[in-house]
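Asker: build me a structure from this.
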Amino acid sequence: MRPLVFAGPSLYGTGVQSGAAFDMVAPARCGDLMRAVLDGRKVIGLVDGVFESGPAVWHKEILFALDSGCQVLGAASMGALRAAECWQFGMIGIGRIFEDYRTARRNADADVAMVHGPAEIGHLPLTVPLVDVTDIVERMLAAGVLDEPGAGAVTAVAGRTHFKSRTWKQMLAGAGLPGEFQQAALGWIAASGPALKARDAMLLLDSLGMPSPHRRERGVFLHTPFSARLLELVKT
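Answerer: Numbering: from 1, shown residues only. Purely as a prediction, here's the structure:
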């Protein structure tokens, strides 16, 4: 059975879709990984997951998958968060965002949060996650598009803006940058290629089935009344 990848807005605009190498489905919610294991999947990639519109992927189901002999990889968004929490049990974390959480350079879950559209429009991103703001501002600075004061101003606006309201237009205006520069900057961003989330997600796709750098633990999943209830719900 082919690997299963849970992804949506992180891969928007990359052209990546289900193919011969893997199956891709919508962002994961609580119970989806456990269901994938019961369906016979042996390799699971977690990129995107819900966290407000429904219950999020639970650590226990990742441990359930690992204990069942599955390879579980995480990157970019919810996958990076869960991998930073579960890599010591055998989950494979991929990319810079995972490493930033694993090493505590980042610790806020909200740094990967964003608003996006439904599956019918390809999970179109409607706001910008803070991890992508940091990445793109760094690249704009390196390319000479922004100077140090401008980069600091945009970063400051991004940091104090709720993820549901954070857009490039809002950030550039809030930073007090000239109107003509704002338009040029928006054009540069649109042409700058995949942002960090997308790059990390594509690294995960390239890593499906790779040998694990961590010892895959057995016996890490302990049944509790809560996990038993989830298993019961997943089986129905």
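
Asker: below-threshold pLDDT in this protein: ranges please.
Answerer: Scanning the chain for pLDDT under 70 picks out the ranges 212-219, 222.

Asker: ranges for the helices of it?
Answerer: In order along the chain, the chain carries the following helices (DSSP state H): 32-38, 59-67, 78-86, 95-102, 130-142, 148-160, 168-174, 179-190, 196-207, 225-235.

Asker: distance of the residue nearest the centre of the chain from residue 152?
Answerer: Among the residues of the chain, residue 77 comes closest to the average C-alpha position under C-alpha atoms, centre = their mean, at 1.6 Å. Distance, residue 77 to residue 152, using C-beta to C-beta, to the nearest Å: 26 Å. C-beta here means a position set from N, CA and C on the backbone, and glycine is covered the same way.

Asker: check residue 59 too.
Answerer: Counting by C-beta to C-beta, the gap from residue 59 to residue 152 is 36 Å.

Asker: so how many other residues sit close to residue 109?
Answerer: By the measure other C-beta atoms under 10 Å, the count of residues near residue 109 is 13.

Asker: that one contacts residue 84, doesn't it?
Answerer: No - under the criterion of C-beta atoms under 8 Å, residue 109 lies out of contact with residue 84, with a separation of 10.2 Å.

Asker: how's the chain carved up into domains?
Answerer: The record's domain parsing of the chain by automatic domain parsing lists 4-114+196-223, 119-190.

Asker: nearest to residue 236, of these?
Answerer: Across those, the minimum distance to residue 236, taken as C-beta to C-beta, is reached by domain 4-114+196-223, at 10.4 Å.

Asker: okay but the residue nearest to the centre of the chain is in contact with residue 112, surely?
Answerer: Yes - with contacts counted by C-beta under 8 Å, residue 77 reaches residue 112, the gap being 4.6 Å.

Asker: what do these two both touch?
Answerer: 97, 129, 197 (C-beta atoms under 8 Å, 6 or more residues apart in numbering).

Asker: which of these lies closest to residue 13?
Answerer: Residue 13 has its nearest neighbour among the shared contacts of residue 77 and residue 112 in residue 197, at 10.9 Å by C-beta to C-beta.

Asker: and the closest one, what is it in contact with?
Answerer: Remark: with contacts taken as C-beta under 8 Å, 6+ apart, residue 197 is in contact with 10, 76-77, 97, 112, 129, 131-132.

Asker: put together CSV for these, with distance to residue 208 on each row.
Answerer: Converted to CSV, the contacts of residue 197 look like this (distance: C-beta to C-beta, whole Å):
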residue, distance to residue 208
10, 15
76, 14
77, 17
97, 18
112, 21
129, 23
131, 22
132, 23
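
Asker: still on that earlier bit, which residues touch the residue nearest to the centre of the chain?
Answerer: Going by C-beta under 8 Å, 6+ apart, the list of residues near residue 77 reads 9-10, 47-49, 97, 112, 129, 197, 201.
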